[in-house]
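would you be able to build a 3D model of this:
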Amino acid sequence: MPVVTHTEEPLLADLMPWSVAAPRIGRGWPVAPDTATLRARWEALARAEGTDRTALFESSRARTPRSTVAQLPGQSTGTARLAHAPGPFPQPLRVLLAPFDEQWLIPDHRLIDAARPELWRVADARQLFVLDTPAAAGDAAGPGPALLVTARLPVTVPPPVPAPRERPRATRVHPLFRRPGGAEPNLAPGLPDLLATRLGLHGLDPLDVLAWIVAAARPGPGGCTVPLTCDPEVWARGTDTGHRLLRLMVRADGDRPRLPGGSRPYVRSPLPEHPTVLRHDPDTGSLDLDGGRISPVPTEVWHLRAQGVRVVESWFGRRTAPAPRPGSLGAVRPAAWPQAWTSELLELLTVLALLAECGPSRPEPFGPRLTMDELRRAGVLPPPDAARRPASVLDHREEGPEGQYALL
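Okay, the predicted model is just below:
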């Protein structure tokens, strides 16, 4: 999809005004593809004492083992200084680490440089997070969604060394709802009513608006722009495509996507214990992992990008990059490539193939659309300052540092 450089269309940042930078972990070891690895790392940290624990922790300006922090909203982890009492292993949380790369996080505030508590307060079973990443001028057009949507809390960690082929971008996280329980949509005040009036509809569900945004968004250097059609038929086609995209990006646990029999990727040759090189053969449509082979893998799946990275390469690179240094907690990892990773890779390839198929059905041309002037006259743009700030959702006490409760 070509990069948009003009500004005659509204920005996602104005249509979904409240956004937050993704939580920044600050160190790589609290995140892993499997929970057993996280438990082993935590236990190694807890066994170490004094300067050994400090070295394993990998201190930053924001966090050391002596930092005092409040409990993360919705979590029940310890708040004593990590140097004194690490406590029991916290229940890991499934998060989104990179495009289409779900991993596990130790959700302990003492390990996280910038947790963004306002996101944790609204993260529940109804919430969806829209990830808007500015496009770079040199980004190539190709298959891939302009926006990512996830039900998992998105986080960032330092890239593995050596890093996969990716350029970090300043991604903004736009929650769909400003309050827990699917309350108060994070949409510019008046936008759903104006759209419904122009489309001749009685009302718009926030998920329908999100489906249109996902289908119609176009990448730009200032973030995604979103053309807003006034044509009911175009809107219907676009929201239908958007809901299909959302189902692929936001899959309920146990909801595994399927391709027709002849298109499903299979393991044709067993994967080795320690694959380090990933290649794609466009002639045979196969993926080679140091002699292990998976096919069919269409070329558009191999080239599919999101947030400026090739998704398959990024996913593989985060599981196979060398540990930052021997003896570090990041060096604690599975002894060999687990079977579960192969299953996850096959599911990833299936999702990407289905996403690539959705590309041609995106709603262009858009027909008559809401202009910036009309949005301004209706008072939709610019959104009020209050819409860009988090809502007050504190309805219970949150544990502060050293087990004390904060006064709210």
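
now Val69. Nearest residue, chain neighbours left out?
If the residues on either side of it in the chain are set aside, Val69 comes closest to His109, at 4.5 Å by CB to CB, 6 or more residues apart in numbering. From N, CA and C alone the C-beta is placed, and that goes for glycine too.

ok, the one you found - contacts?
With contact set as CB atoms under 8 Å, 6 or more residues apart in numbering, His109 has these partners: 69-72, 75, 77, 79, 115.

and Asp193, how far is that from Leu370?
12 Å (CB to CB, to the nearest Å).

swap that for Leu176, sorry
Counting by CB to CB - Leu176 and Leu370 are separated by 20 Å.

repeat that for Leu153.
Taken as CB to CB, the span from Leu153 to Leu370 is 32 Å.

how about Gly379?
13 Å.

with neighbour numbers in mind, choose between those two.
Shown here are Gly379 and Leu370; by other CB atoms under 10 Å, Leu370 has more neighbours (20 against 13).

you'd agree Ala85 is up against Thr79?
No: contact criterion CB atoms under 8 Å: Ala85 and Thr79 do not qualify, at 9.7 Å.

comparing those two, which residue is more hemmed in?
Shown here are Ala85 and Thr79; by other CB under 10 Å, Thr79 has more neighbours (21 against 10).

go ahead and report the secondary structure state at the more buried one.
Recorded secondary structure, Thr79: coil (DSSP: H, G, I helix; E, B strand; the rest coil).

do you know the pLDDT at it?
Model confidence at Thr79, given as pLDDT, is 89.

likewise Glu347?
96.

tell me the spacing between the nearest residue to Gly200 once chain neighbours are set aside and Asp240.
Leaving out its chain neighbours, the residue that sits closest to Gly200 by CB to CB, 6+ apart is Pro232, at 5.9 Å. Pro232 sits 13 Å away from Asp240, going by CB to CB.

do I have it right that Leu271 meets Ala336?
No: using CB under 8 Å, Leu271 makes no contact with Ala336, being 9.7 Å away.

neighbour count for these two, which is higher?
More neighbours surround Leu271 than the other of Leu271 and Ala336, with 19 against 11 (other CB under 10 Å).

which strand or helix spans that one?
Using DSSP states H and E, Leu271 sits in no helix or strand.

Arg94 - that's part of a strand, no?
Yes: the assignment for Arg94, made by three-state DSSP, places it in a strand.

so where's the chain shaky on pLDDT?
Applying pLDDT under 70 to the chain flags residues 1-7, 136-143, 160-169, 253-254, 393-408.

where along the chain do the helices fall?
12-15, 35-47, 50-57, 117-122, 191-199, 206-216, 232-249, 299-303, 311-320, 339-358, 372-377 (DSSP state H).

what's the closest of the ones you listed to Arg293?
Closest to Arg293 of the helices of the chain, according to CB to CB: helix 339-358, at 11.8 Å.

ok and the closest one relative to helix 232-249, angle-wise?
Angular relation of helix 339-358 and helix 232-249 on a 0 to 180 degree scale: 170 degrees, by axes from the mean of the first three to the mean of the last three CA atoms, to 10 degrees.

still on that earlier bit, tabulate the helices of the chain in TSV, adding columns for mean neighbour count and distance to Ala386.
TSV is the format used below for the helices of the chain (neighbours: other CB atoms under 10 Å; distance: least, CB to CB, whole Å):
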stretch	mean neighbour count	distance to Ala386
helix 12-15	22	14
helix 35-47	18	39
helix 50-57	15	39
helix 117-122	21	14
helix 191-199	18	15
helix 206-216	23	18
helix 232-249	19	28
helix 299-303	19	42
helix 311-320	22	37
helix 339-358	18	36
helix 372-377	14	18
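
now those as CSV including distance to Ala183?
Below are the helices of the chain laid out as CSV (distance: least, CB to CB, whole Å):
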stretch, distance to Ala183
helix 12-15, 19
helix 35-47, 32
helix 50-57, 38
helix 117-122, 9
helix 191-199, 15
helix 206-216, 10
helix 232-249, 20
helix 299-303, 38
helix 311-320, 33
helix 339-358, 30
helix 372-377, 25
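
so which of those helices is nearest Ala22?
Here helix 117-122 is closest among the helices of the chain (CB to CB), at 8.2 Å.

how distant is that closest one from the center of its chain?
15 Å (CA atoms, centre = their mean, to the nearest Å).
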